[in-house]
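Participant: Build the 3D model from these lines:
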Amino acid sequence: MRSFKESIAIVIAMSVILAGCGGSGASSTTKQNGTITKTASQSTTVAKTESSAAVKSTTAAANKTASKNVDWPKKTIQIIVPFKAGGDSDFNARAYAQELEKQLGKPVVVVNVEGSGGSVGTKQVKDAAPDGYTVLANHTSFLINKANGTTDFGFEAFELVGITAANPGDIICVRTDSGITDLKSLQAAAKAKEGKMTISTTIGSTTQVSVNMIIDAGIPMTPVDVGNASDKTASLLGKHVDVIVNPYGNVKQYIQSGEFKALAVISRDDRCPSFPDIPTAKEQGFDINFPTRYFMAFPKGTDPAIVEKFRSACKKVEESDAEYAKMIKESYYQEPFFMDADKALEFYKGLEQTMSKYSLKKSN
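Facilitator: I've put the predicted structure just below:
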């Protein structure tokens, strides 16, 4: 039988051995061939990292499941278009609404709330209840409103769904009977009239920027605010202005009938495959390119699961809805397009400097 002292000695020895092996999770350091190696603490760190990764993975999976199972929608969803009916923004919202009804199982209606270049409708959505039943459908002009000072907020005031459509190309058009055939002859005519030729615009919209880019490129004209895309077409038909800038879908029938002459595409550097006969401004020697992208967004504070469910429905429309693809191709020569929120924010950030340059504050 061991003595009391022997028993104590054994306990102390075992404690030392266990401590050396890192049994308590403490760090153990050894030195071999001049190299210091961590053992127990390293294992603990790895274990913690793996545990953290597992939690993140589980959380992501739970969020994904929540987005699928969220009890929404229960009633009609309103998509607010901050412009008049009949334009390209209105068309894109209605095209989506029709297909989103099938995806979400509830009515999706478009409401036009025009005013101040889109800022009135945009503010209405910003101030709406974040319950998932009010959505903003706007485009690049959203940031022009901020640059002009008609709004004091940007995307930080919303839960961005993403970019849901892309304009294939804005077109500079004149009446065919003007005799103008390209940008060089437009420039010559504009200079001969000492800047008195008129070009339609909409203050607060994308043409505020693109028209000023045309003028800065050496084609002196006088901008006239005539309204939305449909109003611009009517103004050229009625000879109220000399030149317009519009999406191809708004002017194609008049180009095809011979009433309008398309001079240049000004929202891309390469020719659009859908209308390859129309040259770009760039290939004619004019540095004019201002793309239009359409987005959707919820009021700030909307449940992320609702935003994700809506985003998922939008992506399904873009990826696999043949009826939608046919509709936008036939009407506006568009191709299905979707860009997630993070990349969309990067895209719009890249345009902010151009928008600021041509804002009313800078122009004045």
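
Participant: what does stretch 348-356 contact?
Facilitator: Applying C-beta atoms under 8 Å, 6 or more residues apart in numbering, the set of residues contacting stretch 348-356 from outside is 140, 142-144, 147, 155, 209, 213, 290-291, 293, 362. Glycine gets a C-beta too; all of them are placed from N, C-alpha and C.

Participant: Next, give me the two most distant ones among the residues you listed.
Facilitator: Maximum pairwise distance in these, criterion C-beta to C-beta, is 23.3 Å, between 155 and 213.

Participant: For the stretch 201-350 of the chain, just list every one of the helices.
Facilitator: Counting by DSSP state H, counting those that start in this stretch, residue ranges of the helices within the stretch 201-350 of the chain are 206-216, 229-237, 248-257, 304-320, 322-332, 341-357.

Participant: for those helices, which one sits closest to residue 179?
Facilitator: Go through the helices of the stretch 201-350 of the chain one by one with C-beta to C-beta and the one that ends up closest to residue 179 is helix 229-237, at 15.0 Å.

Participant: With just CA atoms, put the closest one into CSV.
Facilitator: What follows is helix 229-237 as a C-alpha-only set of coordinates in CSV (Å, rounded to 0.1, in the frame of the first residue of the first chain):
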residue,chain,number,x,y,z
ALA,A,229,-40.3,58.5,-74.1
SER,A,230,-43.7,58.5,-75.8
ASP,A,231,-43.9,62.3,-75.6
LYS,A,232,-40.5,62.5,-77.2
THR,A,233,-41.7,60.4,-80.1
ALA,A,234,-44.8,62.5,-80.5
SER,A,235,-42.8,65.7,-80.4
LEU,A,236,-40.6,64.6,-83.3
LEU,A,237,-43.6,63.4,-85.3
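
Participant: can you give me the angle it makes with helix 248-257?
Facilitator: Here the directions of helix 229-237 and helix 248-257 differ by 30 degrees (axes from the mean of the first three to the mean of the last three C-alpha atoms, to 10 degrees).

Participant: Relative to the whole chain's centre, how far out is helix 229-237?
Facilitator: 26 Å (C-alpha atoms, centre = their mean, to the nearest Å).

Participant: change the start of the numbering to 23 and stick with it
Facilitator: In the new numbering, first residue 23, that becomes helix 251-259.

Participant: Buried residues, that helix. List them.
Facilitator: Applying a neighbour-count criterion of 16 or more other C-beta atoms under 10 Å, one finds 251-258 buried in helix 251-259.

Participant: Give me the mean pLDDT for that helix.
Facilitator: The average of the pLDDT scores along helix 251-259 is 94.

Participant: Buried ones only from the contacts of stretch 370-378, please, as a PyMOL command.
Facilitator: The following PyMOL command selects only the buried members of those, with burial defined by 16+ other C-beta under 10 Å:
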select buried, resi 162+164+165+166+169+177+231+235+312+313+315
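
Participant: Tell me which entries of the contacts of stretch 370-378 lie within strands.
Facilitator: residue 315 (DSSP state E).
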